[in-house]
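Participant: just coords:
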């Protein structure tokens, strides 16, 4: 499960290349105009871009912290899915009175399918063969994972009505399913809630203002350094911004994604061992899009 | 559900236009007076507004973080409402002994109405036709959503008294309703608790002091830049402040609002599928006021 | 419930007037001594008070954040009290087998009295008539709200012993009462735990050092500005400190107080509607001391 | 319970006096060497210690925040102990079928002894007479509070086996005892987990580097101010560090300690009133070591 | 359990020695080139590295805070394991109807083995003799701790089926086991989730840029100080980074590790006392790898 989620540096750079070109052009223009003394009226003290840069750093530090929290919450949710999947199968296996191994196996298979289905839904991918096998009954439904959990509950109801579990046990299993519903809903919340648009725009806008002001404060230095420093700072702030943007959406088929396929596979291996079944045949993920 | 919640830039600007005009006037006056050497006694070192600006940035960064937390909490609460709505219907559907589809449908309809009613109450809007249909019995009540949950509980009691659910199941459903009561109360708390007045005033006041001091520290530079920088910084700090204010009240019919109509519609579609009913006829929101 | 909790500006100013007068005197003295060149040995670079000011701003920003968290926690607790009060009455009303409206009314009245009693205890006010009516039986007890919750539990026990609720329902109601005990204890914790004395003293002490150093760094400027800026910064830091102090104690009969009377009244109206009783006669709070 | 937890200023100063003397000696040496122009090669721009000071302030601000969180968590845990002690006695009193006042009194006495025992264990103090009375049966055990909770559970088991409580009630009381076990374990965690050693050392080390650099940046100013400012900043940073250290260990017999004796006494008074017993005879704490 | 988790200073230094050598070489080269006036075009104002240093400090302060949170969470989880182990044995001991001491002892031994097994799994160490004794039945399983908890549940099932515990008690014990499953899963989450790669890389990259820029801003000062200060700041920032890296992975056989062996031993002593067994023979950890 230990997976490097580094974004290739080239990918990051390609995302900000147009901004960087524009900034080089602008800062060169400032340098040349200043060299010919056209900018005497627009010189600013270096303290001014510094103050703005400090404000901006603060806001970006908080921003990257909020993105980290979303990324970490996504891992916490999937950790809870691991736990509740195990608890569900443990409960089914040790509650059903008649040592009905098939019951436990049936729940374990459906639960593994649910994990795969949830990951695929969050990534807006077509459902895999494993999931389709289980979802054939409710193909018309828009929310397959929710339908699978409902199916769990319907089987629990039958176990109760045939007397294979007692009412206490039905309620205890129902509580576990309720926690799985909650984890599913939390994933959907993170997936569907975009970071507040205005807040993002504000930060991008402040970076642009900073980059506009910085060359006007560096007119005492060589054009080379003025252009280099402006581009460098622009690059740094854009990089911080992009790092935050990559982390804040942990279900978007990106390299920093939560490794849901890997996690679902691990859960499947675990559940199969718990019900003494042979391990599933897993195809290793071929790229980070399938982690 | 993926909705851009950007505030049109024009809207934001229109909110701070009077302040900006006053600031341009003030900083121009400072520039002109200084040009005629009337201000020699009031020059301040640029370090002073810089220190104030750093303090202010810190407080604003914490402030925007607190606003973000309120906004995010509102989404978490509505996420919990999604989860508990699904759990409620799943429990009703799989607990009631006689396969009484009508019971599940009746709860699903009332629960969907509750979601709409809660959104409308929080926005202080008149209740829609869908809600009124369910609330006709308790029109004299001031809190329609609370009355709807009480109605749920009363039906659960009848199911128990007629023997269609056992006492365990009554308690389990009651726990789900209790969580819905909690989500409702949390929404009301965020709606009704204004951000501490003094804290807000303090920040606004600090921005004004900063803007007053800044031109006195820029007297060595051209009037043009002095006015431009003062207005720019005033604009930036006001913008950060307004962004915080927009985020901190997530139930106020604003563009950054929690999209409660959309969420309630989604819940309704989900619940109808769970009880195998045709999907509801939804009117798409025509503006962000109905998201 | 939407209440402005602004502290009148005059009140704030009156709290720091002695400090401000002392600071004006001190900074004037520094200005005059410096004017006569007595202070050449004690000039400090402006960077030094700036560094101290930055440290101080950081600590104050964290401090105000901690105060905000206490204030917000107080609101969360009272929000939970609203929720659990409603849940308690809903449970009593829909659990008691014989449709005993009197039982629900009796619990609703006692619960409303409990909310008022808790608010009054936290504010160290004498109990109102409404509360006294219910607390006559246990006047010798030091903790009236706790005694009222015990009374709830004793009535629940009687309902159980006469067979009007089943053992499941007794436990479910007991869990709600346990949550009310927890909310009560949390309020007492916030009320009784003073902010760490050393931490507060440290911050106050740092403000004084900053104010002492600042004039020594401004000796190049006019006496007028030196005095004005010192007083201004002293005022700003004291204001931030006072704002934090006002927020950190949310049950102290202050304008920023949690509006417990209003909340208790709202709970009472809600509960009365739930048990179909006429609304209580409420006296509107006449000042913020009764919010 | 409202207790000033100020550390006497003298105590604090005595903790850092050796460091301060060393710093005065070092900065005086720098001043004198510089006065004789031996240090021309080692002058640093004041910006450098300022940058380090800013970094250091940031880390210290986060550090003091983490210490505050530990201190506050200790209070939250003891708040939960207050709540669960009350809930336990309320449950015992209203669950036991035969109105057996002795049972409730026996639990209340043991619970009060548990609170005292926990406080004494956390402070590594010998157990008081009150506790010894209850712990005579399991003197060989290393964890007396844990043994007392086990004793609670064993009595609950007897109540169940003699039919004085039903199985539901046994489980509900067991849940309360489980919460008490959790609070006890949380206290032990805070007590036994020292703050990460490297993190502390890093901060102390950074303060020393800052103090070493600062005089080298102040060579343009009088020796008097150079020594005074260096000592002042060293004192300030050490003071912040010590304040953090005092707060981070809230069970160490220090003035900022959680007032566990006072809290245990208050719980005892509460519980005795709940079971209608005369209040216990309490000896007021004679120093903060017994708060 | 009170264990110093200091990393030997030499270890830390050895981790960054190559970077430091490279930095000394680079800054010396800059110094020498500047001394011969080859760098007039590349001088930067010291404000620029200062601004970058401030940004960097902010990001590092947040970063070390996030690492601290992971480290602290690991301790919270193991604290919960202590609590739930005690609760489990207390419940088994006081629930089983026939005073079957062997049952309690059997659970206590298996639970102690589970604690050791979990610690060893997290550290990727071969299982100790104590654990192997219990895991012989399911050697083919990849997750021994999970198998042990399943074994617990299977014994609970037998207790229920032979009538030695009632259904309520089965569910209550099952809830405790579910919490142990959750703690296990949380440990696995922290173990398996690496810190976001891009975020780490970004910070390392910013340190390098800062170190590259700093000498270019110090060209006015002696080569000695230029090299010394650059190396010093590089060392400080690398040290902060390494401290964060050491704290963020609390299950990696490092000196700052969670002392899982010590905790598991303590739990074992506790559980043995609870079931009146002689204390286990413990081998004291010989190095921090076995803490």
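Facilitator: Right, received. Where do you want to start? Given the structure is predicted, the values throughout are model-derived calculations rather than measurements.

Participant: where does chain A dip in pLDDT?
Facilitator: Within chain A, the segments meeting pLDDT under 70 span A:1-9, A:99-100, A:139, A:255-256, A:283-291.

Participant: need the next SSE after the longest helix along it, C-terminal direction.
Facilitator: Counting residues, the longest helix in chain A under DSSP state H turns out to be helix A:47-95. Counting by DSSP states H and E, the element after helix A:47-95 in chain order, helix or strand, is helix A:101-122.

Participant: how about that next one, does it get close to chain B?
Facilitator: No. Counting by Cβ under 8 Å from any Cβ of the partner chain, chain B has no neighbours in helix A:101-122; the shortest distance is 12.4 Å. Using the backbone N, CA and C atoms, a C-beta is placed for each residue, glycine as well.

Participant: got it, and stretch A:207-220?
Facilitator: Yes. For stretch A:207-220, a contact with chain B is found by Cβ under 8 Å from any Cβ, at residue A:209.

Participant: Please enumerate residues in contact with that stretch?
Facilitator: A:23, A:26-27, A:30-31, A:34, A:39, A:42-50, A:52-53, A:56, A:225-227, A:229-230, A:233-234, A:237-238, A:241, B:232, B:236, E:45 (Cβ atoms under 8 Å, 6 or more residues apart in numbering or on different chains).

Participant: give me that answer again for 6 Å
Facilitator: A:23, A:27, A:30, A:34, A:42-44, A:46, A:49, A:52-53, A:56, A:226, A:230, A:234, A:237 (Cβ atoms under 6 Å, 6 or more residues apart in numbering or on different chains).

Participant: Need the max-distance pair from those.
Facilitator: Maximum pairwise distance among the contacts of stretch A:207-220 (Cβ to Cβ): 23.6 Å, between A:34 and A:56.

Participant: neighbour count winner among the two?
Facilitator: It is residue A:56, of residue A:34 and residue A:56, that has more neighbours when counted by other Cβ atoms under 10 Å in any protein chain shown, with 24 against 20.

Participant: any idea how far chain C is from the more buried one?
Facilitator: 16 Å (Cβ to the nearest Cβ, to the nearest Å).

Participant: ok, that residue touching residue A:206?
Facilitator: Yes. At 5.1 Å, residue A:56 counts as touching residue A:206 under the criterion of Cβ atoms under 6 Å.

Participant: before we move on, which element is the nearest residue to residue A:167 once chain neighbours are set aside in?
Facilitator: Distances taken as Cβ to Cβ, 6 or more residues apart in numbering or on different chains place residue B:168 nearest to residue A:167, at 4.3 Å, with adjacent residues excluded. Per DSSP H and E: residue B:168 is located in helix B:167-192.

Participant: what residues are up against the residue positioned nearest the centre of chain A?
Facilitator: Centroid-nearest residue in chain A, with Cα atoms, centre = their mean: residue A:250, separated by 0.4 Å. By Cβ under 6 Å, 6+ apart, the contact list for residue A:250 reads A:71, A:74, A:258.

Participant: how about 7 Å then?
Facilitator: If a contact means Cβ atoms under 7 Å, 6 or more residues apart in numbering or on different chains, then residue A:250 has A:70, A:71, A:74, A:190, A:256, A:257, A:258 as its contacts.

Participant: Quick check: the gap between it and chain B.
Facilitator: On the measure of Cβ to the nearest Cβ, residue A:250 and chain B end up 15 Å apart.

Participant: Now that residue. Nearest residue, chain neighbours left out?
Facilitator: Per Cβ to Cβ, 6+ apart, closest to residue A:250 is residue A:74, 3.8 Å.

Participant: surely the one you found meets residue A:259?
Facilitator: No. Between residue A:74 and residue A:259 there is no contact under Cβ atoms under 7 Å: 10.5 Å.

Participant: any idea how far residue A:281 is from residue C:169?
Facilitator: 50 Å (Cβ to Cβ, to the nearest Å).

Participant: Compare these two (neighbour count), which wins?
Facilitator: residue C:169 (25 against 5).

Participant: Nearest to chain D: which residue in the stretch 101-250 of chain A?
Facilitator: residue A:168 (10.0 Å; Cβ to the nearest Cβ).

Participant: Any figure for the gap between that residue and residue A:101?
Facilitator: 22 Å.

Participant: Check residue A:152 too.
Facilitator: 17 Å.

Participant: These two: who's more crowded?
Facilitator: Between residue A:152 and residue A:101, counting by other Cβ under 10 Å, residue A:152 is the more crowded of the two (23 against 13).

Participant: Show residues contacting the helix or strand encompassing that one.
Facilitator: In this structure, residue A:152 sits in helix A:144-161 according to DSSP H and E. Contact with helix A:144-161 is made by A:96, A:103, A:107, A:110, A:113-114, A:117-118, A:121, A:127, A:131, A:134-135, A:138, A:141, A:165, A:167, A:170, A:173-174, A:177, A:180-181, A:184, B:86, B:90, B:94, B:270, B:274, as judged by Cβ under 7 Å, 6+ apart.

Participant: let's see it at 6 Å
Facilitator: A:114, A:117-118, A:121, A:135, A:138, A:141, A:165, A:170, A:173, A:177, A:180-181, A:184, B:90, B:94.

Participant: Please tell me which one of those counts the most neighbours.
Facilitator: Neighbour counts for these (other Cβ under 10 Å) peak at residue A:114, which has 28 neighbours.

Participant: my read: the residue nearest to residue A:250 touches residue A:260, true?
Facilitator: No. Residue A:74 is beyond contact range of residue A:260, at 9.2 Å (criterion: Cβ under 6 Å).

Participant: Summarise which helices and strands the helix holding residue B:168 is packed against.
Facilitator: helix A:167-192, helix B:47-95, helix B:101-122, helix B:144-161, helix C:47-95, helix C:167-192 (3 or more Cβ pairs under 6 Å, 6 or more residues apart in numbering or on different chains; DSSP states H and E).

Participant: what angle separates it from helix A:167-192?
Facilitator: Counting by axes from the mean of the first three to the mean of the last three Cα atoms, to 10 degrees, helix B:167-192 points 30 degrees away from the direction of helix A:167-192.

Participant: how many neighbours does residue A:21 have?
Facilitator: Counted with other Cβ under 10 Å, residue A:21 comes out at 11.

Participant: I meant residue A:67, not that one.
Facilitator: Around residue A:67 there are 23 residues (other Cβ under 10 Å).

Participant: again with residue A:24
Facilitator: Around residue A:24 there are 15 other residues, counting by other Cβ under 10 Å.

Participant: Over to residue A:225?
Facilitator: 20.

Participant: what do you get for residue A:194?
Facilitator: 15.

Participant: For it, give me phi and psi.
Facilitator: Main-chain torsions, residue A:194, degrees, to the nearest 10: phi -80, psi 150.

Participant: Does residue A:267 lie in a helix or a strand, and which?
Facilitator: helix A:260-274.

Participant: Is chain E within reach of that helix?
Facilitator: Yes. Helix A:260-274 comes into contact with chain E (Cβ under 6 Å from any Cβ of the partner chain), by way of A:270, A:273.
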